[in-house]
Structure formats: structure tokens, C-alpha cells
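Colleague: Sequence and predicted structure below; questions after.
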Amino acid sequence: MSKTTIALLFGGKSTEHEISIISARSISGAIDRERYRVVPIYITHEGAWFSGDSAAEILALDLSSIMRKSSIENTETLLREMIRNSAEKPFDFNFRAAGIDVVFIALHGGYGEDGRVQGLLDTMGIPYTGCGVSASAIAMDKALTKLCAVDAGVATAPSITLQAASYLADPEPVHELIGSTFDYPLFIKPVSLGSSVGISKVHLPAELPEALKLACTYDRKILVEAAVSGKEIEVAVLGNDQPLASVPGEVEPGSDFYDFQDKYIHNTAKTFIPARLPDELLDSVRRSAITVYKALGCRGMSRVDFFVNEENGSIVLNEINTIPGFTDISMYPKLFEASGIPFTVLVDKLLHYAQEKPEPAGR
Ligand SMILES: Nc1ncnc2c1ncn2[C@@H]1O[C@H](COP(=O)(O)OP(=O)(O)O)[C@@H](O)[C@H]1O
Ligand SMILES: [Mg+2]
């Protein structure tokens with residue numbers, strides 16, 4: 001049997017570049033080499049694509065240890081030097097000539113998880129893992145995701161959306177509006193970032209301007225959201241027309257909220273699989289995950305995150321990650337592992353769903 005050739009796409013122009021490299025390394029380790037050939041394609045911070053030895057070398061790095069010992073800035077410098085020191089020509093986008101049958105998109109954040117790469121591959125007729133253009137684009141925008149979820153009957157936290165430019169031009173009325181709408185603490189988020197970048201938990205009105213200004217450095221749209229009390233519950237979803245929801249997992253942040261350091265550097269967050277909730281709530285949250293997945297038109301995979309309050313039984317959608325983390329400590333693979341689908345089988349299924357044609361074929 002001839003092998004299927006997978007292009008493994010990682011790195012990318014988003015703030016989650018380094019996380020993508022770590023995810024890609026674990027995905028690469030889970031791909032069955034008896035059946036698949038892997039062509040690593042590394043996208044630099046600047047957006048140049050490389051498919052030769054330097055991509056393979058970057059994929060082989062133990063970046064989580066490097067990041068733990070060094071700073072993000074030094075890690076970026078190391079990666080840039082590896083590309084600079086290689087005399088390699090960039091990838092020519094000729095997927096067919098490279099014999100590529102399917103692309104595993106292991107990118108997180110902007111340009112990779114938001115529909116842009118998906119659109120490029122659609123245009124060239126190359127199948128890829130995960131959601132298509134519109135679901136990716138909606139899920140990347142936390143404000144649009146909330147609209148879809150509410151429309152499908154799934155609750156979200158009370159929030160308002162601001163234009164960064166209007167806020168920066170005239171901040172005072174915004175401070176007043178927030179003060180009269182929300183109790184503290186509240187959350188300020190750029191609508192389209194991940195890995196907690198640019199997110200602040202604001203405990204006092206005096207902290208508000210700094211949090212808003214920080215979020216405005218990352219995005220044109222900002223979400224101001226009421227803090228929800230409850231457990232942080234994550235559900236992994238897999239499949240196309242008949243998606244499957246995993247056992248829900250629970251994240252107990254190690255700090256004030258589940259921030260970047262907690263997620264990737266210190267690993268101080270605790271996880272519980274299955275989540276410590278009564279069975280009926282576990283079932284309801286799985287159903288809500290499927291509802292939201294279908295409402296957005298997700299395909300392949302997504303991790304759907306909620307706040308669940310045991311006392312009043314409320315299930316509140318937080319966000320959807322269409323290309324969730326695949327690092328060793330990431331929830332998506334762990335949740336399916338606990339649901340009876342080991343990592344290698346999961347990767348295989350994602351590649352299978354990637355090649356399943358949507359019916360009717362969209363135009
Ligand atoms: N409305 C909220 N109520 C309570 N905690 C929140 C709220 N929004 C965000 N958080 C906390 O901040 C973390 C990061 O926010 P999230 O919206 O999930 O951003 P990201 O896309 O960066 O993961 C969450 O995991 C949670 O700990
Ligand atoms: Mg999150």
C-alpha cells in the first residue's frame with residue numbers, strides 16, 4: 001500500500017507560534033509512519049514557508065524545555081537564527097509537485113486557526129484537518145462565537161464589545177459605561193487572541209484603563225465580560241456530520257485565572273478527567289458542546305470550553321478553539337485518550353475526516 005503524504009504545517013504568524021511548534025512535535029510523534037509520510041512545513045514569525053531540513057530541525061526541538069529555561073524573546077531569536085543560518089529556499093506552494101495529499105494544520109491563532117490558511121488550501125483544492133473557513137473565522141472571534149451560541153440556545157457571559165479605535169480616541173465614556181453595566185471582577189479580552197494573551201482580570205475600576213489599553217494593542221475589537229463563577233470545563237469534539245463529544249475535563253487554574261504562564265510555562269493548573277461534576281451535568285455539557293459545534297458548522301475537531309456551576313446547574317459557553325493545543329499536557333488529546341481514543345488513533349481519524357468530502361460540496 002502506498003503511503004499518504006501529510007504536510008504538517010506549524011509555526012505561523014500568530015502570538016502562539018511557539019505553542020504551535022510544540023503541538024506539531026507531539027502530532028508528528030503520533031503519526032503512524034507505516035501508513036503516512038510526513039513533510040514538515042514551518043511558517044516563520046514573518047510568514048515565510050520552509051519545507052526542507054530547517055523545518056525538520058525546528059520540529060525536532062524540545063521547545064517546551066527551551067522555553068522553560070529561557071525567555072520567549074530568546075526562543076524567537078533561536079528560531080530566527082536557525083532559518084537565517086540555513087541556505088534553504090522557501091516552499092514554492094506547489095503541494096501537488098511535493099506529492100502532498102493532505103495538510104495537518106497544527107497552527108494556532110491568527111492566520112492559522114482563523115480561516116485564512118484554510119481558504120488558501122481550499123483555493124488550491126488541498127484537503128486539510130479541522131474546520132473550514134467560516135467556522136474557523138467565527139470561532140476565532142469570541143464576540144461572534146457568543147452570538148452563534150446564544151442563537152443556538154447556549155448561554156454565554158454578559159458582555160459588551162468595543163472598537164479599540166473608539167475607546168482610545170475617547171476612553172472616559174467607555175469607563176463610565178463599563179462601571180454602570182458590570183460588577184467587579186470582570187474580564188477584558190482581545191476578541192481574537194488565544195493562550196490568554198492580552199487578557200486581564202480586572203478587580204478594581206482603577207485597573208480598567210491599563211487592561212483596556214493592553215487589549216487594544218492586540219486587537220481592533222475588545223470584549224468586556226462579566227466574570228462567571230463555576231468550574232472551567234472543556235469538551236473535545238471530533239468528527240464531521242455526526243460529531244462525537246469526549247468525556248468533559250476540568251481545569252483548575254493555578255493562578256487568579258488560566259493565564260499564559262499557567263498554561264505553558266509553570267504547568268501549575270490542575271486538570272481532572274472526567275470533570276468533578278454530577279453525571280447529569282456531564283451529559284448536559286457534552287450536549288451543549290455538540291450544539292455549539294454544529295451551530296458554527298465545525299468540522300474535524302474543536303475544543304469547546306465552558307463554565308459550569310454545580311450550585312445552580314448553569315452551563316455557560318466560554319469559547320471554542322478550532323485548533324486546540326496538542327502539547328503533551330494539552331486537554332484535547334487527553335480527553336479523547338480518556339474517552340477510549342488513543343492519540344495515534346485520534347490523529348488518524350482527523351486525517352480521515354480531512355479527506356471526507358462535505359455533502360453537498362460547498363461552493
Ligand atoms: N467571563 C469569565 N469568567 C471567568 N473566568 C474567565 C472569563 N473569561 C475568561 N476567564 C479566564 O481566563 C482564561 C482565558 O480566557 P479565554 O477567553 O479562554 O481566552 P483564551 O482564548 O486566551 O484561552 C479562562 O480559561 C478563564 O480562566
Ligand atoms: Mg481559553
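Modeller: That came in fine, so what should we check first? Ligands and ions are numbered 1, 2, ... in the order given.
Colleague: all contacts plus neighbour counts: C-alpha atoms, from now on.
Modeller: OK.
Colleague: Report whether the helix or strand where F306 lies contacts ligand 1.
Modeller: For F306, the enclosing helix or strand under DSSP states H and E is strand 300-309. No: Strand 300-309 stays out of contact with ligand 1 when judged by C-alpha under 6 Å from any ligand atom, the minimum separation being 7.3 Å.
Colleague: Work out for me the element whichever residue of the stretch 101-250 of the chain sits closest to ligand 1 sits within.
Modeller: Across the stretch 101-250 of the chain, no residue is closer to ligand 1 than S196, which sits at 3.0 Å (C-alpha to the nearest ligand atom). S196 is part of no helix or strand, with elements assigned from DSSP H and E.
Colleague: Distance from the chain centre to the strand holding F306, please.
Modeller: Here the centre of strand 300-309 is set off from its chain's centre by 11 Å, with C-alpha atoms, centre = their mean, to the nearest Å.
Colleague: re the thing from before, gap between the residue of the stretch 101-250 of the chain closest to ligand 1 and A56?
Modeller: Distance of S196 to A56, computed by C-alpha to C-alpha, to the nearest Å: 28 Å.
Colleague: all helices of the stretch 251-363 of the chain, in order?
Modeller: 260, 279-296, 331-338, 343-355 (DSSP state H, counting those that start in this stretch).
Colleague: among these, which is nearest E176?
Modeller: Closest of these to E176 is helix 260, at 29.4 Å (criterion: C-alpha to C-alpha).
Colleague: just how off-centre is the closest one within its chain?
Modeller: 13 Å.
Colleague: quick one: is it near ligand 1?
Modeller: No: counting by C-alpha under 6 Å from any ligand atom, ligand 1 is not contacted by helix 260; separation bottoms out at 7.7 Å.
Colleague: average pLDDT across that helix?
Modeller: On average, the pLDDT along helix 260 is 71.
Colleague: What pLDDT is listed against the residue of the stretch 101-250 of the chain closest to ligand 1?
Modeller: pLDDT, read off for S196, is 73.
Colleague: Could you report the neighbour count for R220?
Modeller: 15 (other C-alpha atoms under 10 Å).
Colleague: repeat for the one 10 residues further on
Modeller: Using other C-alpha under 10 Å, the number of residues around G230 comes to 17.
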